[in-house]
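K.L.:
Sequence first, predicted model second:
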Amino acid sequence: MPVNPMNRREFVQKSAVTGAAVAVAGAVGSGTAEAAEHKHPKPPKTPRTWTFSILGTTDLHSHVFDWDYYKDAAYSDAKGNSVGVARVATLIKQQRAAKGEDHVLLVDAGDIIQGTSLAYYFARVDPITDGARHPMAVAMNHMRYDAAALGNHEFNYGIEVLRKFEKQCRFPLLGANALDAKTLRPAFPPYTVKKIRVPGAPDIKVGILGLTNPGIAIWDKDNVSGKMVFPGLVEQAKKYVPRLRALGCDVVFLTDHSGLDGSSSYGDELPYVENASNLVAEQVPGIDAILVGHTHVEVPSYTVKNAETGEDVLLSEPYCWGYRLSVFDFEVELEHGRWKVVGKTAQTLNPNTVDEDPETRKLLQADHDLVVKYVNTAVGTCTADLSAAESCWKDVPIMDFIHEVQTQTVKAGLSASDAALPLISVAAPFSRTADIPAGDVTIKDIAGLYIYDNTLYGKKLTGAQLKDYLEYAAKYYHQVPAGTAVDTATLTNANSFWDYMYDTAAGVDYDIDIAQPEGSRIKNLTHDGTAVADDQVFVVAVNNYRANGGSGYPHIASAGIAYSSTNEIRQLMIDYVTAKGTLDPADFAATNWRLTQDGTPVF
C-alpha cells in the first residue's frame with residue numbers, strides 16, 4: 001500500500017549541480033590539411049574524463065497522463081504538481097538532447113502497475129493476461145527504460161499478471177531479494193549491466209542492482225506465500241554488489257523500492273527493515289548511488305557515508321506519480337585502463353514546466369479513453385450527498401457504506417458456527433476528498449472512496465484483543481487536554497500514522513478520549529448496549545492488507561480466519577450499489593464512535 005503523500009519526512013537537501021555537458025570541438029584547418037586528414041585519419045584521442053547521467057522515476061502507479069480518473073478532470077493539487085509519464089517523457093527527451101543519447105540511462109524504482117483506475121482496468125476489466133497490452137509497458141518501452149526495480153504493488157494482482165507485464169517490457173524488472181520460495185534463487189533478474197560507449201576508450205560499465213521491499217511477504221501474503229520469499233535489502237546487496245564489481249563494473253547503481261529513514265510500518269512482524277536504503281548505503285561498500293522509492297517523498301540529493309570505506313553514497317528520491325524526475329550526473333576518469341567516479345551530483349526536475357510528450361499521448365490515448373468511459377459508467381443512484389471530508393474525526397455515512405458492504409459480504413460467507421458470533425467491521429478513511437453525490441453514482445465515485453485493490457477477510461478477535469486493536473488505531477490522534485480547543489488541521493496523523501493506517505469500527509460503540517495518553521483512550525466499548533467482555537469472540541470484517549499485518553496492528557495477523565475472498569472490496573461496493581439500485585444511508589447499520597475529552601464529546 002502506498003505511503004500517504006502527507007508523509008513529508010525532511011532531509012538535509014544538498015545543493016545539486018548538474019554535471020557538465022561534454023562538448024567535442026573540431027579544429028578548422030586548411031583544405032589541404034583536411035584532405036590529408038581524410039586520407040590518413042588519426043585515431044581518436046583517448047579521453048581522460050567522461051560524463052554521463054542516470055535518470056530516475058519511482059512510484060508511477062500507472063499514472064500515464066496528467067489526469068485524475070476519480071474526478072474525471074485534469075489533475076490538480078495545491079502545490080501545482082502534474083502527474084503522469086507523458087510529461088516526464090518530455091523531460092527525458094530534453095536530457096538526452098542536451099547530454100547525448102549515449103550519455104543517458106533511464107531507471108525506475110518500482111510500483112508501476114497499480115494505483116489508478118487505468119491500472120485496475122488492465123488487470124481486471126480488460127486484463128493483460130487475456131491479450132491486452134499494459135499501457136505502462138507501452139509507455140516505458142517507448143521511453144526506452146534500461147531497468148526497473150520491482151515494487152510491492154507489482155504483486156497486488158497476483159504473480160500471473162506481473163509475469164505478463166514482465167514479458168511485455170523490453171527492459172528487465174529487477175529484484176535481487178525476490179527469491180523463489182523453494183530454491184531460494186532469484187525469481188527475477190537481480191541486476192543488469194549497461195555499457196556506455198566512449199570513443200577511443202574502454203566502455204564505462206554500469207551495474208544496476210534492483211531491490212524490492214520485504215513487506216511484500218506481509219502485504220501480499222495471499223499472492224506470494226509458498227511461492228516467493230523476500231529477504232532484506234542489506235543482506236542481498238552484500239551478496240550482489242561485490243559480484244558487480246567482480247564483473248568489472250566501473251559504476252554500481254542501485255534502484256531500491258525502499259525508503260531511506262530506517263523505519264518499518266510493520267513493527268517486528270519481519271526481521272527485515274522496510275525503509276532500508278540508508279542502511280544499504282551505510283553498510284554495503286562499493287555502491288556509488290541509489291535511486292530510492294516507496295515512501296512518496298521528494299529527496300533531491302542526500303548523502304550517506306559508507307561505514308567501511310568512508311566513501312559518500314549519493315541518494316535521490318523523485319516523489320511519486322511522475323511528480324519529479326531524479327537526475328544523477330556522474331563524472332568519471334580513466335585510471336590504468338579503468339574508469340573511476342570522481343564526481344557525482346543529484347537533483348530533481350519538475351515536469352509541470354513542460355508539455356506532455358505528443359508521441360506518448362498518441363500511443364496511449366485509446367487506452368485512456370476506454371478507462372474514462374469505464375469509470376463514468378453509472379451503477380445506481382444515491383439519495384444524499386456522502387462526503388468523506390470529516391471522516392478522519394467523525395462517524396460519517398460514507399464510511400458506514402464501506403462497513404455495510406464488508407459486514408454483509410462476510411456475513412453471507414460464514415459457517416453456521418461462526419455466524420452465531422457477533423460481527424463487526426473495521427475500515428480506514430483512505431481519501432478525505434472522496435464524495436458520492438446525490439443522484440447518479442458512477443464507478444469513479446466508488447473508486448475514489450476505496451482507492452486500494454484490497455480483498456476481504458473475516459478474522460476472529462476476543463474483546464480484549466479488539467480493545468487493543470482500537471487503542472492502536474487511536475494513536476492516530478494527537479493528545480489534546482480537556483479544555484483545549486480541538487483544531488482538526490493538527491489533530492490527526494500523530495506518530496506518522498497516516499489516514500490509510502487508521503481504522504474505525506462498526507458494530508460496536510466506543511469513545512476515543514483524546515485528552516488521555518496513548519494506550520488509555522478507548523472508553524465505553526459496548527456491543528448491543530452491553531460492555532464488551534475480554535473473552536467475548538467477534539468476527540471482524542477486515543481487508544487483506546490489515547489482516548496480514550499491514551500497519552502493524554496487534555493480534556490481527558495471527559487471528560483465526562472465518563472468511564476470505566479474492567474479490568476486491570471496491571468491486572463488492574460496486575456490485576452492492578448495482579444490485580440495490582439506490583444507495584440510501586438509512587439502510588446502513590448505524591455505527592457510533594466519537595471523540596471526547598474527559599468524557600465530553602468534541603464534535
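P.N.:
Cool, got the structure. These numbers come from a predicted model, not from an experiment. Residues are numbered from 1 along each chain as shown.
K.L.:
how near is Lys305 to Asn278?
P.N.:
According to CB to CB, to the nearest Å, Lys305 stands 11 Å off from Asn278. Where you see a C-beta, it was placed from the backbone N, CA and C, and this is true even at glycine.
K.L.:
If you count surrounding residues, which of those two has more?
P.N.:
Set side by side, Lys305 and Asn278 show more neighbours around Asn278, with 22 against 12, by other CB atoms under 10 Å.
K.L.:
who's in contact with that one?
P.N.:
Leu260, Asp261, Gly262, Val304, Leu315 (CB atoms under 8 Å, 6 or more residues apart in numbering).
K.L.:
Would you confirm that the third one contacts Ala281?
P.N.:
No - look at Gly262 against Ala281 with CB atoms under 8 Å: they stay out of range, at 10.9 Å.
K.L.:
Neighbour count: those two, which is higher?
P.N.:
Ala281 (28 against 13).
K.L.:
Please identify the helix or strand for the more buried one.
P.N.:
helix 277-283 (DSSP states H and E).
K.L.:
what distance separates that helix from the centre of its chain?
P.N.:
20 Å (CA atoms, centre = their mean, to the nearest Å).
K.L.:
After it, which helix or strand is next? Please name it.
P.N.:
strand 289-292.
K.L.:
Could you list every helix and strand in contact with that following strand?
P.N.:
On a contact count with 3 or more CB pairs under 8 Å, 6 or more residues apart in numbering; DSSP states H and E, strand 289-292 meets strand 49-57, strand 251-256, helix 277-283, strand 312-318, strand 325-335.
K.L.:
Buried residues in the helix or strand just after that strand, which are they?
P.N.:
Where DSSP H and E defines the elements, the next helix or strand beyond strand 289-292 is strand 298-305. Counting neighbours by 16 or more other CB atoms under 10 Å, one finds that the buried residues in strand 298-305 are Glu298, Val299, Pro300, Ser301, Tyr302, Val304.
K.L.:
Do I have it right that the second one meets Val292?
P.N.:
In other words, Val299. Yes - in this structure, Val299 is within contact of Val292 by CB under 8 Å, at 6.7 Å.
K.L.:
Just put the buried residues of strand 298-305 in CSV and tack on distance to Gly483 and pLDDT.
P.N.:
As requested, these are arranged in CSV below (distance: CB to CB, whole Å; pLDDT from 0 to 100):
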residue, distance to Gly483, pLDDT
Glu298, 39, 98
Val299, 40, 98
Pro300, 44, 98
Ser301, 46, 98
Tyr302, 43, 98
Val304, 46, 98
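K.L.:
Count the neighbours of Val229 for me.
P.N.:
Val229: 18 neighbours (other CB under 10 Å).
K.L.:
How about Met140?
P.N.:
For Met140, using other CB under 10 Å, the count is 24.
K.L.:
Make sure it is indeed in a helix.
P.N.:
Yes - the assignment for Met140 is a helix, going by DSSP: H, G, I helix; E, B strand; the rest coil.
K.L.:
wait, isn't it in contact with Asp146?
P.N.:
No - with contact defined as CB under 8 Å, Met140 does not reach Asp146; the gap is 10.2 Å.
K.L.:
list the buried ones in stretch 506-522?
P.N.:
506-516, 521-522.
K.L.:
Show the pLDDT at Thr32.
P.N.:
We have a pLDDT of 43 for Thr32.
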